[in-house]
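sequence plus the predicted model coming up.
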Amino acid sequence: MSSAAAAGNRAFGLDRGMPFPVTDLDDAEVVVLAGANPAETMPPLMGHLRDARLVVVDPRRSATAERAVASGGLHLQPVPGTDLVLALGMLHAALVDGHVDKAYLAARTTGFDDVWRVAAQWWPERAEQVCGVAAADMRTVVGWLAGAARRYVLTARGAEQHAHGVDTVSAWINLALALGLPGRPGSGFGTITGQGNGQGGREHGQKSDQLPGYRSIADPAARAHVAGVWGVDPATLPGAGRSATELLAALGRPDGPRAMLVFGSNVLVSAPDANAVAERLAALDLLVVADVLPGETAMAADVVLPVAQWAEEEGTMTNLEGRVLRRRRALRPPEGVRTDLEVVAGLAERLGAPGFPAAPEEVFDELRAASAGGLADYAGITYARLDAGEALHWPCPDEDHPGTPRLFTERFAHPDGRARMSPVDHVASAELPDAAHPLRATTGRVLVHYQSGAQTRRVAELAGIVPEAFVEVHPDTAARAGLADGDWARVVSRRGAVRARVRCVASLRPDTVFLPFHFGGDQAANRVTNPALDPTSRMPEFKVAAVRLERV
Amino acid sequence: MSSGIVVVGHGMAGARLAEDVRRRDPRVPLTVLGAEPRPAYNRVLLSTVLAGGLTPEAVRLHAPGWAAAHDVDVRTGVAATAIDRAARVVRGTDGSAVPYRKLVLATGSYAFRPSLPGLDAPNVAAFRDLDDCERILALARPGARVAVLGGGLLGCEAARGLAGRGVDTVLVHPKPHLMERQLDADGGGVLAAALARLGVEVLLGTAGVAWEQEKGLRCADGSLVPADALVVATGVRPETALAAAAGIAVDRGVLVDDRLATNDPHVHALGDCARHPGAPAGLVQPAWEQAEVLADLLTGADPGARYHGTRPVTRLKARGVDLATVGEPAAFGADAEVLRFADPAGGRYATLALERDRVVGGAMIGLPDAAASMIQFFDTGTPAPADRLGLLFGRALPGAPETADPGRLPATAVVCRCNTVTKGALVAAWRGGATDVAALGRATRAGTGCGSCGDTVQGICAWLADADPPALAAVPEEGAA
């Protein structure tokens, strides 16, 4: 699960990336982006942030951070892995400066007193010493948020991908709640979910402890409902499985899987500690990969099933606003290429479990039935309504329901209708710098590449712009390692090394280096990342690994 | 119940130790004696209470019911009167005798009162605990004039806090400049000017000799500082009487080693009452770091844990005055590289000492983000950047304009991020005949994604339309601009 999803569920009783239409942001006066770089990772979002004063929290001076400064806002540059402290320091400043919305807390939340006991220990000057962001900046930003009528706090992977990512997101939610943002028209807290269908995947059971409709596989009522839709005995549904990172670590081990079927995931590049992943994949008896392109993982497979890509099949996606979007086939797939649904249906048939439909609308109707009554209720969303141009946000429980563009305006989704504040405290990153690994490496994306790069590295125009892995380094840090701009360097962690070309960036923290994760082989950033997991979300700590720089 | 850990003192060190012990060992018998009648609270935040930012309730460390929920026997209002080391028993003011396996002294410090006549008057208050804080606030009635004696960190915070409440405040300091332990004369001058701008009257080089209850503070030169109340902030001293009486080695603090052990292996000490060669006095950070180490040792969670000292970082908590110091100014080596800047009119001051690129000391006023960086470089030992100007001034250093005019953008600058269109590509398209925004969009796809580059494309278009042919030929390459 995403750390943001876990934190959202914990606080609001429901996780929908943005509980409001993204167009609400158009009118925002102040937007805090914590660990988000939409200017590179989701450029269209920037069109909705044109008029707002932006505050960007990022160890790097990203394109979004530059935009924040130009907007009259601020770029806050914490030590990687200390964002939670920053949020606590800001909450402390909010109370001392009289910005906490006590009427809202009393009417709509529980738990502030316990949250304050923690935040009280993080007066801004103490938080500053740990996170490196000036206490004065914490006060300034809190003042901006409190002084605006329309204001938002948005988080993304930079807050989530830590061994304490759920708590980090919770800390930002606590700040937003203390200031009275969530559920207030024109203000709010949201998460910029990843990929086109990141939200849709996380709410419909694309995870080993879930069932469709954001139901828990451990909940007997949920099991009975979904088993009823499928016409099977609830006892035949499996229990919760391993999280993705733990599954990869178990492959080929005595208690782990011997065979694996992968759909469109290039785990050799995208999962943490890539060397260990390669070793585990090699230990399998059988690896089957269904993919559009021969990425690194597909090339390591025993069997590759070529499948259609997004423009070659029908379907839906659910975007970051919880709005279901119709996807239409633009091209016919090449001869012999199946859709993912056809692969699943065909395999089920041959495994003796026929009845899996391959027609997208039929599958969607099944999903509607399975999600009915759940949190992410799609029952009232049909292809016909979407094709007629309706903008439908879940929950949409029946076909006469207009959908729910704005959640939480009256109540949150917990039984008592209140948001729950969680008393979260700072925990150091799982791996800290030492004499042998004195720098913190953080990973992320560049504009021209998508995910593991399996698609975008093959596009000449894109590969021409960023052809190879690079490592952003402060020029002094590079010089100390005997490196100059343009040199090849080895970035070495306790787990492995990645080869990358040095880019000297004077605005970077001298204690931090940045690696994009879009490259494979010896340029795979995930050869150095730490597979430490958040205890709740099981999301890995992609954002902090202790490393050193070496000349090649 | 077998005898367990007994902590004497329920301040920031004792309360944190109790938490840290419980986090590691939920069962070991744990007793805490606290002399103050109220539950433990955060002393660091008293100046914020004084300034009106927090209520006394908000600085309470533990939620009501914490001790019971965590099976900690907290006895508030019970001070320890004696330690019987032979019998391993500590005696309390309530007549109790508490046996211990391990005893931890966390008795903190007390406010030092100079030996001036009149300080026992009812309109004089120290500034050390929550009771003091409440007394000061009672004395600082609207319209009252309050003198603060002592221009160290606490005195400056108290004076600023009172002035912020609208109290007529005068800060009296016997030394020629404020915070002389942390600041040099220039820095002290900038601080005094900053406080003066915030409404604090600052009297330097002025030694009080007597408090005249009805008049004010009498000074050494015979002059009178009229005041209705006096706040004494003349420093603190470690509270060591209990230890000394029990024959535990004391020298300006209970002497402890890296295991926070005294000369009696069954007795430990931490926080303000303890003296470890690496721990700066009067800060909470060493106490909290020591609590972790001691909890590891007392519970056996990490028998190898050791406390090696804390790098001294001081931060003034006074609204409108951003002051940070690191290191001990006296400790700079003679060969240290020293950077200095003073701008008394602008309320800004910076001094930094470096040895082999490491920040070993410094002070900053009015340069908040540079101060945050200074603290980080000092605290982590990360080599400081070669750009000393940037190091000293941070964002206050005028840099390149954030939004360059189109003519000065390098040709390689990406204008449209969605489609990765550089300025050079736009110029080339213009030369190819695409001479308006729409045509540039068709030719290069610039502006056809999110559209947020529209203004820049428009600007480049206008610049190209205005520019003479020679300027077109001189589109600067990256690095040449």
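On my side now, so go ahead. Numbers count the residues shown, from 1 in each chain, chains lettered A, B, ... in the order given.

quick check on the residue positioned nearest the centre of chain A: phi, psi?
Nearest residue to the geometric centre of chain A (CA atoms, centre = their mean): A:Arg157, 4.7 Å. Main-chain torsions, A:Arg157, degrees, to the nearest 10: phi -60, psi -30.

and the pLDDT for it?
At A:Arg157, the model reports a pLDDT of 95.

find the nearest non-adjacent residue to it, please.
Leaving aside its sequence neighbours, A:Arg157 sits nearest to A:Gly35 (CB to CB, 6 or more residues apart in numbering or on different chains; 6.3 Å). Where you see a C-beta, it was placed from the backbone N, CA and C, and this is true even at glycine.

quick check: mean pLDDT across stretch B:21-39?
Per-residue pLDDT values over stretch B:21-39 give a mean of 96.

other SSEs contacting the helix or strand that B:Val49 is a member of?
In the assignment (DSSP states H and E), B:Val49 maps to helix B:46-51. Helix B:46-51 sits against helix B:130-139, helix B:153-164, with contacts defined as 3 or more CB pairs under 8 Å, 6 or more residues apart in numbering or on different chains; DSSP states H and E.

tell me the contacts of A:Trp394?
By CB atoms under 8 Å, 6 or more residues apart in numbering or on different chains, the contact set of A:Trp394 is A:16, A:203, A:318, A:322, A:324, A:371, A:376-378, A:381, A:403-404.

oh sorry, the question was meant for A:Ala39
Contact analysis of A:Ala39 by CB under 8 Å, 6+ apart lists A:46, A:62-64, A:66-67, A:447, B:417.

can you pull the phi and psi angles for it?
Dihedral angles (degrees, to the nearest 10) for A:Ala39: phi -60, psi -30.

returning to that earlier point: pretty sure the residue nearest to A:Arg157 contacts A:Val153?
No. At 11.2 Å, A:Gly35 does not count as touching A:Val153 under the criterion of CB atoms under 8 Å.

any low-confidence regions in the chain?
If you meant another chain, say so; for now it's chain A. Residues of chain A that meet the criterion pLDDT under 70 lie in A:1.

wait, I meant chain B there
B:1-2, B:329-331, B:399-404, B:468-481.

count of residues packed around the nearest residue to B:Pro383 once chain neighbours are set aside?
Closest residue to B:Pro383 in three dimensions, ignoring its sequence neighbours and counting by CB to CB, 6+ apart: B:Asp357, at 4.2 Å. Using other CB atoms under 10 Å in any protein chain shown, the number of residues around B:Asp357 comes to 14.

same question, B:Arg160
B:Arg160 has 26 neighbouring residues, counting by other CB under 10 Å.

and the chain, what are its domains?
You didn't pick a chain, so chain A it is. Taking automatic domain parsing as the domain assignment, the ranges for chain A are A:3-193, A:198-387, A:439-551.

I was thinking of chain B, sorry if that wasn't clear
B:4-110+B:237-299, B:124-234, B:322-396, B:406-473.

B:Ala429 should be in a helix, yeah?
Yes. Checked against DSSP: H, G, I helix; E, B strand; the rest coil, B:Ala429 lies within a helix.

neighbours around it, how many?
20.

give me every residue that touches the residue lying closest to it once chain neighbours are set aside.
Nearest-residue entry for B:Ala429: B:Ala443, 4.1 Å, with adjacent residues in sequence omitted and distances by CB to CB, 6+ apart. Counting by CB under 8 Å, 6+ apart, B:Ala443 touches B:429, B:432, B:434.

do B:Arg160 as well
Here B:Arg160 is in contact with B:47, B:51, B:195, B:198, B:200, B:318-321 (CB under 8 Å, 6+ apart).

can you rerun that using 7 Å?
Counting by CB atoms under 7 Å, 6 or more residues apart in numbering or on different chains, B:Arg160 touches B:51, B:195, B:198, B:200, B:318-319, B:321.

then B:Ala51?
Contacts of B:Ala51 by CB under 7 Å, 6+ apart are B:160-161, B:164-165, B:319.

correct me, but A:Val69 touches A:Gln77?
No. Contact criterion CB atoms under 7 Å: A:Val69 and A:Gln77 do not qualify, at 11.3 Å.

if you count surrounding residues, which of those two has more?
More crowded of A:Val69 and A:Gln77, by other CB under 10 Å: A:Gln77, with 25 against 17.

give me the buried positions along stretch B:122-136.
Going by neighbour count (16 or more other CB atoms under 10 Å in any protein chain shown), the buried part of stretch B:122-136 is B:123-130, B:132-133, B:135-136.

residue contacts, A:Leu88?
A:118-119, A:122, A:127, A:171, A:426.

restrict the residues you listed to those near chain B?
Near chain B, judged by CB under 7 Å from any CB of the partner chain, there are no entries from the contacts of A:Leu88.

from those residues, which ones fall inside helices?
Using DSSP state H, the subset of the contacts of A:Leu88 located in helices is A:118-119, A:127, A:171.

can you pick the most crowded of these?
A:Ala171 (34 neighbours).

how far away is that one from B:Asp264?
To B:Asp264, A:Ala171 is 43 Å away according to CB to CB, to the nearest Å.

next, the residue lying farthest from the centre of chain A: phi, psi?
No residue in chain A sits farther from the centre than A:Gly352, which is 36.4 Å out by CA atoms, centre = their mean. Dihedral angles of A:Gly352 (phi, psi; degrees, to the nearest 10) stand at phi 80, psi 20.

helices of the stretch 351-500 of chain A, start to end?
Using DSSP state H, counting those that start in this stretch, the helices found in the stretch 351-500 of chain A span residues A:360-371, A:383-387, A:460-465, A:475-480.

buried ones in the longest one?
For helix A:360-371, the neighbour count (16+ other CB under 10 Å) marks A:360, A:363-365, A:367-371 as buried.

and the second one, by the same measure?
Of the residues in helix A:383-387, those buried under the neighbour-count criterion (16+ other CB under 10 Å) are A:383, A:385-386.

helices or strands next to it in the packing?
For helix A:383-387, the packing partners by 3 or more CB pairs under 7 Å, 6 or more residues apart in numbering or on different chains; DSSP states H and E come out as strand A:324-327.

next helix or strand past the strand it packs on?
With DSSP H and E, the next secondary element past strand A:324-327 is helix A:340-350.

in that following helix, which residues are buried?
Buried-residue list, helix A:340-350, by 16+ other CB under 10 Å: A:340-345.

TSV for the residues you listed, including distance to B:Phe341?
Output for the buried residues of helix A:340-350, formatted as TSV (distance: CB to CB, whole Å):
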residue	distance to B:Phe341
A:Asp340	63
A:Leu341	68
A:Glu342	71
A:Val343	68
A:Val344	68
A:Ala345	73
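
intersect the residues you listed with the contacts of chain B.
Among these, proximity to chain B is found for none (CB under 7 Å from any CB).

show me where the stretch 351-500 of chain A has strands.
Counting by DSSP state E, counting those that start in this stretch, the stretch 351-500 of chain A has these strands, from start to end: A:419-420, A:439-444, A:470-473, A:488-492, A:497-504.

between those strands, which gets nearest to B:Glu328?
strand A:439-444 (28.7 Å; CB to CB).

and that closest one, what does it pack against?
strand A:512-516, strand A:545-551.

any idea which of the ones you listed is most buried?
Between the helices and strands packed on strand A:439-444, strand A:512-516 has the highest mean count of neighbours, a mean of 26, where neighbours are mean count of other CB atoms under 10 Å in any protein chain shown.

ok, then the element right after that strand?
strand A:530-533.

quick one: contacts of that following strand?
A:163, A:243, A:245, A:272-273, A:430-431, A:539-541, A:545.

who's in contact with A:Ala240?
A:208-209, A:217-218.

swap the cut-off to 6 Å and go again
Residues near A:Ala240 by CB atoms under 6 Å, 6 or more residues apart in numbering or on different chains: A:209, A:217-218.
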